[in-house]
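Undergrad: pasting the sequence and the predicted coordinates here, then a few questions.
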Amino acid sequence: MWKVALILIFTIIAVPILTFYLDEPLNPLQSEVMYTLLWVYGIAALLCFLVSTLTDNYSQVDKVWSIIPAPYTWIVASYGDYEPRLVLMASLVTLWALRLTYNFWRRGGYSWRIWSGDEDYRWSILRARPGFEQNWKWVSFNFFFISAYQMGLILLMTLPTVKSMGSVQSLGWFDYLIAIVFVGLVVMEYIADNQQFKYQEEKYAKINSGEALDDYYKIGFTHTGLWGFMRHPNYMAEQGLWIVFYLFSVISTGHYINWSIAGALLLVLLFKGSSDFSEDISAKKYPDYLRYQKSVGRFLPFKGRFKK
């Protein structure tokens, strides 16, 4: 995991620099708003690191992940005098934030004590693996990857708003088409998360009540609905909507490739590593998962449907 983390940390430094130098430099207004955003990022990342270290709960970034993109985009919109495209982009991100925050809340991610709440089960599994025997290694991993990298990625995902500032292109049908696709992917994500939540809630309710599990729940993982065609439909929608979000900057600049693409590219890499880790856990936990992997695509529904 250390190798994967180092690669990801390298990419979050190299990709933005490379794409920045291949594109036009920031104008004065963009530089000003980036300065503000970097301050917000630095404070948020440092707080996540300190709180997670002091409380031994490493899901602090998870709590912020769904919330902070909305303030980022509205900060940009305010600097841009609330240009119509910036307002549309910020509104879409706010819709995304509300949905994801709700899903995280109903799974126990938040508590009245803001530093508390359920921790993502994968962090404890990862910490128990070879490579993190000494505490300083885990503290370093928390600082550079969990806190700095992931919080930096969240900022990069929202940067198409910065690139779209001051565009001479007025809102058009392509903007509205992108907005419709974005909302559609948010709805898809909601459906996928709801199917998974309902399955796991009912499965554990039966287990806790001592009720025998039928074949549907005995499999152990969500495998019907959208999950019958893709192993990670929620991840697919999440990557898709931020790729679509990047297209606003293409409309604004007329450049198919610009420096704000870094967030979407790095998010795809992160979900590749995250899904690898999750599937490794699931394959060891559920006997049918290997068959599920062979018969159903990871992010795209091209392999076919899973048969019980």
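TA: Right, received. Where do you want to start? Numbers count the residues shown, from 1 in each chain.
Undergrad: what pLDDT does the closest residue in space to Leu100 that isn't next to it in sequence get?
TA: Nearest in space to Leu100, with sequence neighbours left out and distances taken as C-beta to C-beta, 6 or more residues apart in numbering, is Ser66 at 3.7 Å. C-betas here are computed from N, CA, C, even on glycine. For Ser66, the pLDDT comes out at 90.
Undergrad: just list the residues touching Ser66, thanks.
TA: When contacts are counted by C-beta atoms under 8 Å, 6 or more residues apart in numbering, Ser66 touches Trp96, Ala97, Leu100, Thr101, Asn103, Phe104.
Undergrad: any idea how far it is from Lys303?
TA: Distance, Ser66 to Lys303, by C-beta to C-beta, to the nearest Å: 30 Å.
Undergrad: next: Ile75.
TA: Distance of Ile75 to Lys303, computed by C-beta to C-beta: 42 Å.
Undergrad: quick one, which of the two is more surrounded?
TA: Ranked by neighbour count (other C-beta atoms under 10 Å), Ile75 and Lys303 place Ile75 first, with 18 against 15.
Undergrad: how about the helix or strand containing Leu37: buried residues?
TA: If you go by DSSP states H and E, Leu37 is part of helix 28-55. Buried residues in helix 28-55, counted by 16 or more other C-beta atoms under 10 Å: Gln30, Val33, Met34, Leu37, Tyr41, Ala44, Ala45, Cys48, Phe49, Val51, Ser52, Thr53.
Undergrad: any chance you could map the helices in this protein?
TA: Using DSSP state H, the helices of the chain run over residues 2-21, 28-55, 60-65, 69-79, 84-106, 121-127, 135-141, 150-157, 160-163, 173-208, 215-218, 233-253, 262-285, 289-295.
Undergrad: contact partners of the fifth one?
TA: Outside of helix 84-106, the residues that reach it under the criterion C-beta under 8 Å, 6+ apart are 62-63, 65-67, 69-70, 72-74, 76-77, 80, 110, 158, 160-161, 164-165, 167, 170-171, 175, 179, 182-183, 186, 189-190, 193, 197, 241, 245, 248, 251-252.
Undergrad: what mean pLDDT does the helix holding Leu37 get?
TA: In this model, helix 28-55 has an average pLDDT of 92.
Undergrad: determine how far that helix lies from the middle of the whole chain.
TA: 18 Å (C-alpha atoms, centre = their mean, to the nearest Å).
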